[in-house]
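# Show me the folded form of this:
(2 chains)
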There are 2 protein chains.
Amino acid sequence: MTNALQLSVPDGVPFIDFSREIDFPVADVFEAHRNPELIVQWLGPRGMEMEIDHYDFITGGSYKYTHTGPDGVPYDFTGIFHTVRENEFAIQTFEFSGYPDVVSIESISFEDLGNGRTRLSGRSVYPTQEARDGMASSGMEGGMSEGYDRLEELLATRTQETTAQEAS
Amino acid sequence: MTNALQLSVPDGVPFIDFSREIDFPVADVFEAHRNPELIVQWLGPRGMEMEIDHYDFITGGSYKYTHTGPDGVPYDFTGIFHTVRENEFAIQTFEFSGYPDVVSIESISFEDLGNGRTRLSGRSVYPTQEARDGMASSGMEGGMSEGYDRLEELLATRTQETTAQEAS
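Numbering: from 1, shown residues only, chains lettered A, B, ... in the order given. Down below sits the predicted model:
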């Protein structure tokens, strides 16, 4: 797979860095991060049911959503958007209800690679080394990897629908 | 001075930790962090003029303020409050206009020590080691130290005024 998730978990510092190329234009990739109706279709690992309480992907906005696994256990996630610049950049906070007050801050860049391709890259910064290590060993890599695969599948479906509409 | 600022700048990790005891009750110390009319009287080093655009010290709120030094140069600061719990705890983001998109996340605990005393303690987490090192060498320690001295002076003035009102 050419567009595999690149995840970096450096020793001794509380960061997790990622990079993932996407075979779709930056405006489509950004819209899939902004529009709650799209987000519920891709964010997180396969097999999770996602329910959004609110998701205001704008500077100063906030979000809350719940992932529920096959076992019926719900996981709540909350945060606020410090910065959102369309088709370009965002910074948000991130808190999992299982670790209250352990809040990370995450940046994400949307880079136009030309030819209808996009590179996502970003850094998550944790308030302790232990929180970073715990997150890195929690299955995060698999969940992110599956999420971005689902994002590409979603964008492929939408592109097919648009093409079909234009042809009809 | 018994209530000196304790600042920790650990090697190799992007944290700055602080602790500062205050000779006033936790409700007064919290109010001085919440009320913009009080904040402008103490936040930051002496000699800075502070102007608040907005300061909503509540969960999901945001802030923007400007410090202007004796040379007339303005410095803008912006952020959002991820969590605010009255008399207890807050987490906020922090961005200085001189370093756009370099956003730190800061926690602060308000601890009731009894006998009308409070301990403030917290951690600032930076998105790179370089950003942490730059902040630590920017005169931050002196600015914070002066700010907390000013906070105690402000609370002493307010206590005197309250006492005078009650006596009259």
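# Could you check how far the lowest-mean-pLDDT helix or strand in chain A is from the centre of its chain?
Of all regular secondary-structure elements in chain A, judged by mean pLDDT, DSSP states H and E, the least confident is helix A:140-167 with a mean of 91. Between the mean C-alpha point of helix A:140-167 and the mean C-alpha point of its chain there is a distance of 13 Å (CA atoms, centre = their mean, to the nearest Å).
# same thing with stretch A:78-97?
Centroid displacement of stretch A:78-97 relative to its chain, using CA atoms, centre = their mean, is 10 Å.
# quick one: buried residues of that stretch?
For stretch A:78-97, a neighbour-count test (16 or more other CB atoms under 10 Å in any protein chain shown) marks A:78-84, A:87, A:89-96 as buried. Using the backbone N, CA and C atoms, a C-beta is placed for each residue, glycine as well.
# End to end on it, go ahead and measure it.
The first and last residues of stretch A:78-97 sit 8 Å apart, counting by CA to CA, to the nearest Å.
# Now do the contacts for the nearest residue to A:Val40 once chain neighbours are set aside.
Taking CB to CB, 6 or more residues apart in numbering or on different chains, and ignoring the residues beside it in sequence, A:Val40 has A:Met50 as its nearest neighbour in space, at 4.6 Å. A:Met50 makes contacts with A:Ile39, A:Val40, A:Leu43, A:Gly44, A:Tyr65, A:Thr66, A:His67, A:Thr68, as judged by CB atoms under 8 Å, 6 or more residues apart in numbering or on different chains.
# isn't the second one right next to A:Ile52, touching?
When you say that, I think you mean A:Val40. Yes: in terms of CB atoms under 8 Å, A:Val40 counts as a neighbour of A:Ile52; the distance is 5.8 Å.
# so what sits against both of the two?
If you check A:Val40 and A:Ile52 against CB under 8 Å, 6+ apart, the residues they both contact are A:Tyr65.
# sorry, back to before: counting by contacts, list what the least confident helix or strand of chain A packs against.
Counting contacts by 3 or more CB pairs under 8 Å, 6 or more residues apart in numbering or on different chains; DSSP states H and E, helix A:140-167 is packed against strand A:6-8, strand A:15-22, helix A:26-34.
# Give me the contact list for stretch A:27-39.
Taking contacts as CB under 8 Å, 6+ apart, the residues outside stretch A:27-39 that touch it are A:22, A:42, A:50, A:52, A:54-55, A:57, A:65, A:84, A:86-88, A:90, A:108, A:110, A:118, A:120, A:151, A:154-155, A:158-159.
# mind listing what A:Ile108 touches?
For A:Ile108, the set of contacting residues under the criterion of CB under 8 Å, 6+ apart consists of A:His33, A:Phe89, A:Ala90, A:Ile91, A:Leu120, A:Ser121, A:Gly122.
# In the sheet, which strands lie alongside the helix or strand harbouring it, parallel or antiparallel?
Secondary structure from DSSP states H and E places A:Ile108 in strand A:104-114. Within its sheet, and counting by DSSP bridges, strand A:104-114 is paired with strand A:89-96 (antiparallel), strand A:117-125 (antiparallel).
# How far does stretch A:105-124 sit from its chain's centre?
In terms of CA atoms, centre = their mean, the centre of stretch A:105-124 is found 11 Å from the chain centre.
# Look at the residue nearest the centre of chain A and tell me its secondary structure.
Nearest to the centroid of the C-alpha atoms of chain A, with distances taken as CA atoms, centre = their mean, sits A:Leu43, at 5.8 Å. In the three-state summary, A:Leu43 is assigned as coil, counting by DSSP: H, G, I helix; E, B strand; the rest coil.
# Surely it is in contact with A:Gly147?
Yes: contact criterion CB under 8 Å: A:Leu43 and A:Gly147 qualify, at 5.7 Å.
# low-scoring stretches of chain A, by residue?
In the predicted model, chain A carries pLDDT under 70 at residues A:1-2.
# hmm, 90 instead?
A:1-3, A:139, A:158-168 (pLDDT under 90).
# about what we covered before: any chance of the helices and strands packed on helix A:140-167 in JSON lines, plus mean neighbour count?
Conversion of the helices and strands packed on helix A:140-167 to JSON lines gives the following (neighbours: other CB atoms under 10 Å in any protein chain shown):
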{"stretch": "strand A:6-8", "mean neighbour count": "12"}
{"stretch": "strand A:15-22", "mean neighbour count": "19"}
{"stretch": "helix A:26-34", "mean neighbour count": "19"}
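# mind putting those in TSV, distance to A:Gly143 included?
As requested, those are exported to TSV (distance: least, CB to CB, whole Å):
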stretch	distance to A:Gly143
strand A:6-8	11
strand A:15-22	12
helix A:26-34	16
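# What is the end-to-end distance of stretch A:12-31?
End-to-end for stretch A:12-31, by CA to CA: 35 Å.
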